[in-house]
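J.: How does the following fold in three dimensions:
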Amino acid sequence: MILKQKTTKYFLISKQKRIFVKIFLKIMTNKYEELIQGFENKLRKLISEYKLLQEQNTLLTNELDRKQTDLMKAHQEILELRKNYDHLRMAKNLSGSDVEKAESKQKIAGMVREIDKCLALLDE
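T.: Take a look at the predicted model:
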């Protein structure tokens, strides 16, 4: 009888342990599934934000290229306007007084000397 009691008690304990293990495993499995689900959601969000940032980067890069092109065109226009202004100023000086004419001739002579120097360097 004592042996039977012990066996029954052991069986009960064993059954309780099995139930406990099953419950424990179920709880742990649920926690792991929740963790995995949370990780997957965060990963999807991260990938979505990455794609959005890639699109924004492409748009900003295109806009930067357009702005740089516009800046280069404006710079070329400024250089052209300065050259035209210098030509107009020189033409005005040539049609002005004798002093202004002399200054303009000196400037022209200086430019011719510079051109000659450049041509000499090119010939070397």
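
J.: make it CA atoms for all contacts and neighbour counts henceforth
T.: Noted.

J.: And the helices in the protein?
T.: For the chain, the helices defined by DSSP state H occupy 2-94, 98-123.

J.: could you dump the ones you listed to TSV with mean pLDDT and mean neighbour count?
T.: Formatted as TSV, the helices of the chain follow (pLDDT from 0 to 100; neighbours: other Cα atoms under 10 Å):
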stretch	mean pLDDT	mean neighbour count
helix 2-94	80	12
helix 98-123	81	12
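
J.: quick one: Glu34 and Leu60, what's the gap?
T.: Using Cα to Cα, to the nearest Å, Glu34 is found at 39 Å from Leu60.

J.: Let me fix that, I meant to ask about Ala102.
T.: 54 Å.

J.: Likewise for Asp70?
T.: Separation of Asp70 from Leu60 (Cα to Cα): 15 Å.

J.: repeat for Val112
T.: From Val112 over to Leu60 (counting by Cα to Cα), the distance is 47 Å.

J.: Could you do Met28 as well?
T.: Using Cα to Cα, one gets 47 Å for the distance from Met28 to Leu60.

J.: cool, Gly38 as well?
T.: Distance, Gly38 to Leu60, using Cα to Cα: 33 Å.

J.: now Glu40
T.: For Glu40, the distance to Leu60 (Cα to Cα) stands at 30 Å.

J.: Please apply the same query to Lys51.
T.: Where Leu60 is concerned, Lys51 sits at a distance of 14 Å (Cα to Cα).

J.: So which residue is smack in the middle of the protein?
T.: Geometric centre of the chain, nearest residue: Asn57, 5.2 Å, by Cα atoms, centre = their mean.

J.: State the distance from it to Lys51.
T.: For Asn57, the distance to Lys51 - Cα to Cα - is 10 Å.

J.: What of Thr29?
T.: Counting by Cα to Cα, the gap from Thr29 to Lys51 is 33 Å.

J.: for Arg113, same thing?
T.: Going from Arg113 to Lys51 by Cα to Cα gives 61 Å.

J.: ditto for Lys42
T.: 14 Å.
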